[in-house]
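> predicted model, plus sequence, below.
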Amino acid sequence: MIGLSERIGQDRVPLAEPSGQWGRAAVARTLRNALIVTRREVRDSLRDWRIMAPIFLLTLIFPLLANEMTRVFTGFFEDNGAEDLLPSLLPLMPMIVGFFPVSISLVIALETFVGEKERRSLEPLLSTPLTNTELYLGKSFAAMLPPLLASYSGMAIYMGALILGEQQWRPAPLLVVQIVLLTTSQALMMVTGAVVVSSQTTSTRAANLLASFIIIPMSLLVMLEATIMVQPHRRSLLWVIMVGVLVAVILLVRMGARLFNREELLGRALDQFNLRWIGRTFWRGVRGPAEEAFSLRRWYRLSVFPAARGLRGGAAVVLICVIGAFAGGWIAAGQWRLPLDQFAANDETLLDNLRSWFDLGQDNPHLIVMALVQNARVLLAATLLGVFTFGVMGLVLVAVPFGILGFILAQVTMAGLSPLPFLLAVIPHGTLEVPAIVLAGAAALRLGSVVTRPPADMTASEAWLAAAADVVKVGVGLVLPLLLLAALLEVTLTPRVVEFVLTL
Amino acid sequence: MIETFELSKNFKDFRAVDRVTFTVAPGEIFAMLGPNGAGKTTTVRMLTSILKPTAGWARVAGYDVVAQPTAVRASVGVLTEQHGLYERMKGEEYLDFFARIYDLPPEVRRRRPRQLMEHFGLGDALDKRLGEYSKGMKQKLALVRAMLHDPPVLLLDEPTSAMDPQSAKLVREAIKELRREERTIAITTHNLIEAEDLADHIAVIRQGRIIAHGTFAELSGRFVGAPLMELRLTQHLNGAIDALREMVAIVETGDCWLRYRAPDPALTNPQVIRRLTGAGLDIVTLSEVSRTLEDVYLQIVAEDEGMASHDRSE
């Protein structure tokens, strides 16, 4: 037998660490390596009759059936004198023809990510020099390519049969482009969502259970698209939906690329819910360094203030959104003018109202609590909404009041009224309330978005718990005290200032 | 070369690997022995830059496992605990897939898989789907995959598990041959005979810690004492035994035989023979009682358990 040394010879591979810079060569290398993975995966899919049979049926048979249905519909509508409705209803058919094959991308994605993990064939792949990005891209392409090609083919067969057939309906090219792009964005959404789901499970069973988090929103989205599609004058909204879907895809790609890493994939006990660890990690995050006995001063110095400093980036985003909302409100006021110039109330009436409010506040200190509770409640709702929307809806909820402020201030100004009383009704307590809102908004944004890109030295769950601890620290340590002071000012000082200005 | 220092890995609150330090030089085989869940596979995964250490450091083939993961993975051939093959692929396609990932030149990509497969007696299986391979064939194919890019370092997790004795012997021979080529090899195994046969250095791992480390001779000397000699005579020892007690530590005696410890057999045994022949006794045999790695391993684990229970009671 010939020795191994003679067999494997001197063909050592040159070793190179990727520079981390995204030059053309790096992109080419990444794509080349990703496509090696894609080719293998696609070949594997093509050999699996459980994947190929439905793709074949949905690509070749289903479009022809849909074509026949279109003929029946057309005849039925024409026979009943409702042919005017046809341009509204018929575009649904190519949408359905395109969507069904694309839905298989979810199955392939779950299979290619979590199925491989379950069969333990992932580890040899993880032991190679392929980067996480190359693996992620390669597998994502593989999950998307066969269903997308099937979808495009299905639509082409459907359209071809329409054009070559006897039916009168010919979809407008822009509509076709719209449907193709919607289908593509849906496939992207399902695959990127499936990657996120797969990274959090160790079995296809668990992944299938979690897949409802993708299927349900996708079904709702398709229903919404269908509702818009049957209203031709509103079809431009489909572009907005497409942009929204692509934004979600970008966030999911970010999250998936971060979660699809060797550490997370081979981490232990992903399906287990370790309450003890969660509690301990969260509490450690809230308490901060625990070398010495707890003292409030140390907690602020070592835990609360550093957490607040860490929110600078998020605070800048919130501030930009708040300013943007204010400007947006101002601009909107130019379009929808309120008849403030016909408003009968004079300064004296306003003053009377203010006095009665002020008196009410004097007699009823509960107003302070009410103001505090109201603000805290809104910020809490923003935080909770942010958790489920990558922080986006939290940001919206925080920004909307500023849009309303901008809208009202613009109305007052455009009506020729003095904006001073209005400004003074906001500024005294606003000096404390706005920083509190910005801080809370930044913490909520981080809590919602941290899973899309956790710090390199943390897993997604650790990063989320750290962000949750920051929400509590900043919320209890800074936001609530600021809101309390703001509420005190709002009930005691602000009415006096406004009263003073109105009596001038 | 593999070097680790205080290498540790935590999974949440669980410490899977606890301050593991060892060095494996080129041309050496290092065996990690330990029960399931001892931390062997986690250590291998850290050495492959799949998992990041929580503390400590490791260098493989001169590359840092944290700072240079791609270079580490390009320098290492890994046989994973479960071979994890793609059952629908053919042997040839499978190896070509990995050869492309390792960016082997086309000529090498065509030649090497066939050569390695033939070496392991799988030349005829190249065209078969992996689903048709037997367990042993799959294990051999996984080993071929690990050697495909001619890595200077091999990390082999249970290299001969599921193999028939003939295939296991073939694989062991292949590993020894790779050692002769100055490759650095680390294996994890439950198979004590295999570790004894292959390893230059052995580390016994338990609950993430290395509880004993050294060559087989060092470990057996440390944990089961000096070599045990057995002497067989033609007649009863009678009074000669008292004279022998002054020279060696006698462990057991019978009618015509005795066992004694010889810290330095080359020095002690000739003296013993001289004394007995001088006393007119005829010696039939004098041989060392073979001690297996199993004896050593069980003793190491027992001592560690004893220490752990002592610590708990305190």
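Sure, I can see it.

> count the neighbours of the closest residue to residue A:47 other than its chain neighbours for me.
Using CB to CB, 6 or more residues apart in numbering or on different chains and skipping the chain neighbours, the partner closest in space to residue A:47 is residue B:88 (4.8 Å). Backbone N, C-alpha and C define where each C-beta goes, glycine included. Residue crowding around residue B:88 was assessed by other CB atoms under 10 Å in any protein chain shown; the count is 16.

> per-residue confidence for residue B:88?
With respect to pLDDT, residue B:88 has a value of 89.

> biggest helix in chain B by residues?
helix B:293-313 (DSSP state H).

> could you dump the helix or strand bottoming out on mean pLDDT in chain B to CSV, C-alpha only?
Of all helical and strand segments in chain B, the minimum by mean pLDDT, DSSP states H and E falls on helix B:293-313, at a mean of 74. Extracted C-alpha coordinates of helix B:293-313, given in CSV (Å, rounded to 0.1, in the frame of the first residue of the first chain):
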residue,chain,number,x,y,z
LEU,B,293,-4.6,2.4,30.4
GLU,B,294,-7.9,1.2,31.7
ASP,B,295,-6.4,0.5,35.1
VAL,B,296,-4.7,3.9,35.1
TYR,B,297,-7.8,5.7,33.9
LEU,B,298,-10.0,4.1,36.5
GLN,B,299,-7.5,4.9,39.2
ILE,B,300,-7.3,8.6,38.1
VAL,B,301,-11.1,9.0,38.0
ALA,B,302,-11.4,7.3,41.4
GLU,B,303,-8.9,9.5,43.0
ASP,B,304,-10.5,12.6,41.4
GLU,B,305,-13.9,11.5,42.7
GLY,B,306,-12.5,10.9,46.1
MET,B,307,-11.0,14.4,46.1
ALA,B,308,-14.3,15.9,44.9
SER,B,309,-16.3,14.2,47.6
HIS,B,310,-13.7,15.2,50.2
ASP,B,311,-14.0,18.9,49.1
ARG,B,312,-17.8,18.6,49.2
SER,B,313,-17.8,17.2,52.7
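
> give the other helices and strands that it contacts.
If you count contacts as 3 or more CB pairs under 8 Å, 6 or more residues apart in numbering or on different chains; DSSP states H and E, helix B:293-313 packs onto helix B:192-198, strand B:201-206, strand B:209-214, helix B:216-224.

> if we go to 10 Å?
strand B:29-33, helix B:192-198, strand B:201-206, strand B:209-214, helix B:216-224 (3 or more CB pairs under 10 Å, 6 or more residues apart in numbering or on different chains; DSSP states H and E).

> what sits up against that helix?
B:31, B:33-35, B:190-197, B:199, B:202, B:204, B:206-207, B:209, B:211-212, B:214, B:216-225, B:291-292 (CB atoms under 10 Å, 6 or more residues apart in numbering or on different chains).

> can you name the residues that contact the nearest residue to residue A:83 once chain neighbours are set aside?
Distances taken as CB to CB, 6+ apart put residue A:77 closest to residue A:83, at 5.3 Å, once the chain neighbours are dropped. Residues near residue A:77 by CB under 10 Å, 6+ apart: A:83, A:84, A:85, A:86, A:89, A:90.

> what about 7 Å?
A:83, A:85, A:86 (CB atoms under 7 Å, 6 or more residues apart in numbering or on different chains).

> now those in a markdown table, with distance to residue B:140?
Shown next, in a markdown table, are the contacts of residue A:77 (distance: CB to CB, whole Å):
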| residue | distance to residue B:140 |
| --- | --- |
| A:83 | 70 |
| A:85 | 68 |
| A:86 | 65 |
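
> of those residues - the most surrounded one?
Result: residue A:86 is most packed of those (other CB under 10 Å), 18 neighbours.

> quick one: the residue nearest to residue A:251 when sequence neighbours are not counted from residue A:71, how far?
The spatial neighbour of residue A:251 that comes closest, neighbours along the chain excluded (CB to CB, 6+ apart), is residue A:390 at 5.0 Å. Residue A:390 sits 44 Å away from residue A:71, taking CB to CB, to the nearest Å as the criterion.

> please identify which of those two sits among more neighbours.
When residue A:390 and residue A:71 are compared for neighbours, residue A:390 comes out ahead with 22 against 16, by other CB under 10 Å.

> that one contacts residue A:446, correct?
No. Judged on CB atoms under 7 Å, residue A:390 makes no contact with residue A:446 at a distance of 10.7 Å.

> residue contacts, residue A:35?
residue A:138.

> distance between the helix or strand harbouring it and the chain's centre?
Assigned by DSSP states H and E, residue A:35 belongs to helix A:24-46. Distance, stretch centre to chain centre, for helix A:24-46: 28 Å (CA atoms, centre = their mean, to the nearest Å).

> I'd like the average pLDDT over it.
Helix A:24-46 comes out at a mean pLDDT of 89.

> export it as PDB, just CAs?
Coordinates of each C-alpha in helix A:24-46 appear next as PDB, following Å, rounded to 0.1, in the frame of the first residue of the first chain:
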ATOM      1  CA  ARG A  24     -14.200  43.900  -5.100                       C
ATOM      2  CA  ALA A  25     -12.000  40.800  -4.500                       C
ATOM      3  CA  ALA A  26     -13.500  40.100  -1.100                       C
ATOM      4  CA  VAL A  27     -17.000  40.400  -2.500                       C
ATOM      5  CA  ALA A  28     -16.100  38.100  -5.400                       C
ATOM      6  CA  ARG A  29     -14.600  35.500  -3.000                       C
ATOM      7  CA  THR A  30     -17.600  35.700  -0.700                       C
ATOM      8  CA  LEU A  31     -20.000  35.200  -3.600                       C
ATOM      9  CA  ARG A  32     -17.900  32.400  -5.100                       C
ATOM     10  CA  ASN A  33     -17.800  30.500  -1.800                       C
ATOM     11  CA  ALA A  34     -21.500  31.200  -1.100                       C
ATOM     12  CA  LEU A  35     -22.300  29.700  -4.500                       C
ATOM     13  CA  ILE A  36     -20.400  26.500  -3.800                       C
ATOM     14  CA  VAL A  37     -22.800  26.000  -0.900                       C
ATOM     15  CA  THR A  38     -25.800  27.100  -3.000                       C
ATOM     16  CA  ARG A  39     -24.900  24.600  -5.700                       C
ATOM     17  CA  ARG A  40     -24.700  21.700  -3.300                       C
ATOM     18  CA  GLU A  41     -27.900  22.700  -1.600                       C
ATOM     19  CA  VAL A  42     -29.900  23.200  -4.800                       C
ATOM     20  CA  ARG A  43     -28.700  19.900  -6.100                       C
ATOM     21  CA  ASP A  44     -29.800  18.300  -2.900                       C
ATOM     22  CA  SER A  45     -33.200  20.000  -3.200                       C
ATOM     23  CA  LEU A  46     -33.500  18.800  -6.800                       C
END
